[in-house]
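Enquirer: coords please:
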Amino acid sequence: MNEWLIYGANGYTGELIAREAVRRQWKPVLAGRNRAAIGKLAAELGLGYRIVGLDDHAELVRALEGASLVLHCAGPFSATSAPMIRACLDAKAHYLDITGEIDVFEHAHALDGEARRAGVVLCPGAGFDVIPTDCVAAALKAALPDAVTLSLGFDSSSGFSPGTARTSVEGLALGGRVRRDGRIVTVPLAYETRQIDFGRGTRTAMTIPWGDVSTAFHTTGIPNIKVFTPASPRSVKALRRLNFVLPLLKLRPLQKLIQHRVGRSVQGPDQAARERTLTYVWGEAENARGERRTARIRTANGYSLTVTGSLALAQHLLSQPVPGGAYTPAKLLGPDLVERLPGSGKLELD
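Expert: Numbering: from 1, shown residues only. Predicted structure coming up:
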């Protein structure tokens, strides 16, 4: 296998990916800024490592020399993805990450032309954000080619890692987002609610600013997209009240304080919790005549799926030539990708 890097391997999800790669007898190079943490993990796993930050572009490009691919796991991706993407384009290394942030997806797709010319694949969202919902979106587009609206969602109680928790705090300050007539627009938090059966009974669900607001459009071309997740009436009311103080949440000192406290109090689910926690994914497409198709699939825990999904995409890029450009997971490996991952059931269309 060609040389490749896991950047941010000392984080919660990066370490899970690194350990699974070694279990498969792969030899990624671990990378990141924290010499003590990266060096310790590399020694334990018998892997090479490189210490490099993201603030020195020339040094970062040198660190990527000889690497065919970078699996970027260091968040918050709103701050870290752009310098790593730029370094990958200059070093001619494929780029994967595990983000769910809308702006990161939009940035990567804005670089599609440059990536094509460089022969570099840019595929953010190579994990639970957004593999399952992206595959559901692609399947629904195939089942209803003239769909004009797409609703997606998931029901999961897997909990947060420290990085995901910090990113969620940052995301709250941006408000809700949906895609309307092909454009991403800002809406209030908990903008819309509806009753949805994600696969284990009907529940109240609310809109969330999930990555598919960006990626599902690039996968399907469907111009109107919303993403939902279950929420209690109490949670919906709390988020709607939060809309009145969003300007305060945007203040950088307050953001840093909340993120620091959240990061220290959240540990991420352990192996037992990951193994017993499944995820239920749902989607619905509708055309202008009111015809609808619905899709559902049960998958492994989101963090477990991120490990196996990101490695499936990495293996694909490392084992065969792929034309450069910006991709979504379903565009890169097809809508059946999610069905091929451990712990997934069959993607069923109604």
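
Enquirer: is Tyr191 in contact with Thr207, as I believe?
Expert: Yes - applying Cβ atoms under 8 Å as the test, Tyr191 and Thr207 come out as touching, 4.8 Å apart. Where you see a C-beta, it was placed from the backbone N, CA and C, and this is true even at glycine.

Enquirer: and Val136, what does it touch?
Expert: Residues near Val136 by Cβ atoms under 8 Å, 6 or more residues apart in numbering: 152, 281-283, 295-297, 335, 338, 347.

Enquirer: mutual contacts of Tyr191 and Thr207, please.
Expert: Joint contacts of Tyr191 and Thr207 (Cβ under 8 Å, 6+ apart) are 176, 178.

Enquirer: those two: who's more crowded?
Expert: Thr207 (24 against 19; other Cβ atoms under 10 Å).

Enquirer: contacting residues for the more buried one?
Expert: So Thr207 contacts 176, 178, 187, 190-193, 226-228 (Cβ under 8 Å, 6+ apart).

Enquirer: nearest to Trp4, of the residues you listed?
Expert: Closest approach to Trp4 among the contacts of Thr207 (Cβ to Cβ): Val227, at 30.6 Å.

Enquirer: for that closest one, list each beta-bridge partner.
Expert: Beta-bridge partners of Val227, counted by DSSP bridges, are Leu152.

Enquirer: do you know the pLDDT at the nearest residue to Leu313 once chain neighbours are set aside?
Expert: Leaving aside its chain neighbours, Leu313 sits nearest to Ala126 (4.7 Å; criterion: Cβ to Cβ, 6 or more residues apart in numbering). If you check Ala126, the pLDDT there is 98.

Enquirer: burial count for Ala126?
Expert: 30.

Enquirer: report the separation between Gly334 and Thr299.
Expert: Separation of Gly334 from Thr299 (Cβ to Cβ, to the nearest Å): 16 Å.

Enquirer: from what I see, the residue nearest to Leu313 and His94 are in contact.
Expert: No - checked against Cβ under 8 Å, the pair Ala126 and His94 is beyond contact range at 10.6 Å.

Enquirer: so where is the stretch 51-200 of the chain shaky, pLDDT-wise?
Expert: 158-172 (pLDDT under 70).

Enquirer: can you show me the strands along it?
Expert: 69-72, 94-97, 121-123, 147-156, 176-180, 183-187, 193-197 (DSSP state E, counting those that start in this stretch).

Enquirer: could I get those as a markdown table with distance to Glu59?
Expert: Below are the strands of the stretch 51-200 of the chain laid out as a markdown table (distance: least, Cβ to Cβ, whole Å):
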| stretch | distance to Glu59 |
| --- | --- |
| strand 69-72 | 15 |
| strand 94-97 | 18 |
| strand 121-123 | 21 |
| strand 147-156 | 38 |
| strand 176-180 | 35 |
| strand 183-187 | 34 |
| strand 193-197 | 48 |
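
Enquirer: could you pull out the helices for the stretch 151-300 of the chain?
Expert: 162-172, 212-220, 233-242, 246-249, 252-265, 271-276 (DSSP state H, counting those that start in this stretch).

Enquirer: re earlier: just the buried subset of the contacts of Thr207, written out for ChimeraX, thanks.
Expert: To isolate the buried members of these in ChimeraX, using 16 or more other Cβ atoms under 10 Å:
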select :176,178,187,190,191,226,227,228
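
Enquirer: redo the contacts of Thr207 as JSON lines? Include distance to Pro323.
Expert: Formatted as JSON lines, the contacts of Thr207 follow (distance: Cβ to Cβ, whole Å):
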{"residue": "Gly176", "distance to Pro323": "35"}
{"residue": "Val178", "distance to Pro323": "31"}
{"residue": "Val187", "distance to Pro323": "36"}
{"residue": "Ala190", "distance to Pro323": "40"}
{"residue": "Tyr191", "distance to Pro323": "37"}
{"residue": "Glu192", "distance to Pro323": "38"}
{"residue": "Thr193", "distance to Pro323": "42"}
{"residue": "Lys226", "distance to Pro323": "31"}
{"residue": "Val227", "distance to Pro323": "29"}
{"residue": "Phe228", "distance to Pro323": "34"}
